[in-house]
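Peer 1: sequence isn't available, so here's the structure alone:
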């Protein structure tokens, strides 16, 4: 058959004459595809039809496995969703599991998946707000529900729009405001060096290269090019690989850590495995040095603060935003502008002084 879909000509094999395919049957099939194109209902190509049939078959298999059981949200979570999350970072798994057990399951666990509505999700939101949870945490919990729904939707087990879309999410400016000045950064590294050399070395990559914790934990020796003084950041959050560039301090630190053979992950836990979470020692030192009596999480120092500090220093050094966005690995320049650029008070003060001088000159003239 030869036909057009979205303005592009396609050609697909329909079948062999030796197996009973005839010109008359081919014309009927072509007419069906044209009708689907005209009405917007049904498959517009044989390939699309095969995909729909495969999707229907898988859904039928799942339905047969669940035959005779009450198909609840909790059942789908246990049998299908959670087993498929092994690819996620350990920190994400821990966070999702905690949200599921404390907030999601108690409210909607027993509700049939195809009967889930916005009212139940509003209850989750209300419970979390009453407990003082941040809007970001509530958004995360509902995002988990949305992931479950979308997975079931792809298997044709539910239909329609995800009910999360009907929930009005609480809004709050949750951008982190804290970054370290030069003195704070150096003092922090000194204390880390005494109590957790591993954390100190990882912190250097955050401060000097703006790397996320996950990117640092995934860094392998084969990614480090000491001749070009660069590191390949593979499969990052924004999905596009990029290069990070070594400062002299980073290069010296990596060379000191490099072992004979130079293979595998650069940073390992005490059991020789890939790091899954930021060390408790790092958290304790940050709390002791910067977070006493600080209630607002946006003003607390955490590992991600190092990335914010790097971005701020780059702006102070005159980096253009587009270059900085690419260095940080952002998919959108607006993310860099809105979340990671923190002009220091001193820089703002200098700008205002220049403005004041400009006004004064205008009056003199």
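Peer 2: Yep, it's here. Treat the numbers as computed from the prediction; the structure is a model and nothing was measured.

Peer 1: enumerate every residue touching residue 171.
Peer 2: Listed by CB atoms under 8 Å, 6 or more residues apart in numbering, the contact set of residue 171 reads residue 135. No exception for glycine: its C-beta is placed from N, CA and C like everyone else's.

Peer 1: mind checking what secondary structure it has?
Peer 2: Using DSSP: H, G, I helix; E, B strand; the rest coil, the three-state assignment for residue 171 comes out as coil.

Peer 1: tell me the spacing between it and residue 163.
Peer 2: 19 Å (CB to CB, to the nearest Å).

Peer 1: over to residue 85?
Peer 2: According to CB to CB, residue 85 and residue 163 sit 21 Å apart.

Peer 1: more crowded one of those two?
Peer 2: Between residue 85 and residue 163, counting by other CB atoms under 10 Å, residue 163 is the more crowded of the two (21 against 15).

Peer 1: the stretch 251-365 of the chain: helices as residue ranges?
Peer 2: Using DSSP state H, counting those that start in this stretch, the helices assigned to the stretch 251-365 of the chain run over residues 280-290, 303-316, 321-328, 333-335, 345-364.

Peer 1: in CSV: those, plus mean neighbour count.
Peer 2: Formatted as CSV, the entries for the helices of the stretch 251-365 of the chain read as follows, by neighbours: other CB atoms under 10 Å:
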stretch, mean neighbour count
helix 280-290, 16
helix 303-316, 21
helix 321-328, 17
helix 333-335, 13
helix 345-364, 10
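
Peer 1: nearest to residue 91, of the ones you listed?
Peer 2: Nearest to residue 91 among the helices of the stretch 251-365 of the chain is helix 303-316 (10.9 Å), distances taken as CB to CB.

Peer 1: re the thing from before, mean pLDDT lowest where, among the helices of the stretch 251-365 of the chain?
Peer 2: When the helices of the stretch 251-365 of the chain are compared on average pLDDT, helix 345-364 comes out lowest at a mean of 64.

Peer 1: OK, contacts around residue 206?
Peer 2: Shown in contact with residue 206 (CB under 8 Å, 6+ apart): 212-213, 216, 303, 306-307, 309-310.

Peer 1: with distance to residue 36 added, can I get those in JSON lines?
Peer 2: Converted to JSON lines, the contacts of residue 206 look like this (distance: CB to CB, whole Å):
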{"residue": "212", "distance to residue 36": "45"}
{"residue": "213", "distance to residue 36": "49"}
{"residue": "216", "distance to residue 36": "50"}
{"residue": "303", "distance to residue 36": "52"}
{"residue": "306", "distance to residue 36": "54"}
{"residue": "307", "distance to residue 36": "49"}
{"residue": "309", "distance to residue 36": "56"}
{"residue": "310", "distance to residue 36": "53"}
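
Peer 1: from these, which is closest to residue 177?
Peer 2: When the contacts of residue 206 are compared for distance to residue 177 (CB to CB), residue 309 wins out at 11.9 Å.

Peer 1: give the contact list for that closest one.
Peer 2: Contacts of residue 309 were listed using CB under 8 Å, 6+ apart, and they are 179-180, 185, 206-207.

Peer 1: confidence score at the residue nearest to it when sequence neighbours are not counted?
Peer 2: When the adjacent residues along the chain are set aside, residue 309 lies closest to residue 179, with 4.3 Å between them (CB to CB, 6 or more residues apart in numbering). At residue 179, the predicted lDDT confidence score is 87.

Peer 1: where along the stretch 1-150 of the chain do the helices fall?
Peer 2: Taking DSSP H, counting those that start in this stretch as the criterion, the stretch 1-150 of the chain contains helices spanning 23-39, 46-65, 73-76, 90-99, 105-108, 118-130, 135-154.

Peer 1: which one of those lies nearest to residue 201?
Peer 2: When the helices of the stretch 1-150 of the chain are compared (using CB to CB), the closest one is helix 90-99, at 19.6 Å.

Peer 1: which strands or helices does that closest one pack on?
Peer 2: In this structure, helix 90-99 packs against helix 135-154, with contacts taken as 3 or more CB pairs under 8 Å, 6 or more residues apart in numbering; DSSP states H and E.

Peer 1: now with 10 Å?
Peer 2: In terms of contacts (3 or more CB pairs under 10 Å, 6 or more residues apart in numbering; DSSP states H and E), helix 90-99 is packed against helix 135-154, helix 213-217.

Peer 1: closest to residue 89 out of these?
Peer 2: Of all the helices and strands packed on helix 90-99, helix 213-217 sits nearest to residue 89, with 5.9 Å by CB to CB.

Peer 1: neighbouring contacts of the following helix or strand past that closest one?
Peer 2: The helix or strand immediately downstream of helix 213-217 is strand 224-225, counting by DSSP states H and E. For strand 224-225, the surrounding residues in contact (CB atoms under 10 Å, 6 or more residues apart in numbering) are 230-232, 243-244, 246, 250-251, 254-255, 257-258, 262, 266.

Peer 1: among the residues you listed, which lie within strands?
Peer 2: Helix and strand membership here follows DSSP state E; of the contacts of strand 224-225, those in strands are 230-232, 243-244.

Peer 1: may I ask which two of those are separated the most?
Peer 2: 232 and 244 (8.2 Å).

Peer 1: what do the two both touch?
Peer 2: Shared contacts of residue 232 and residue 244, counting by CB under 10 Å, 6+ apart, come down to 219, 223-224.

Peer 1: reformat those residues as a markdown table; add neighbour count and distance to residue 10.
Peer 2: Formatted as a markdown table, the entries for the shared contacts of residue 232 and residue 244 read as follows, by neighbours: other CB atoms under 10 Å; distance: CB to CB, whole Å:
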| residue | neighbour count | distance to residue 10 |
| --- | --- | --- |
| 219 | 22 | 44 |
| 223 | 17 | 41 |
| 224 | 22 | 46 |
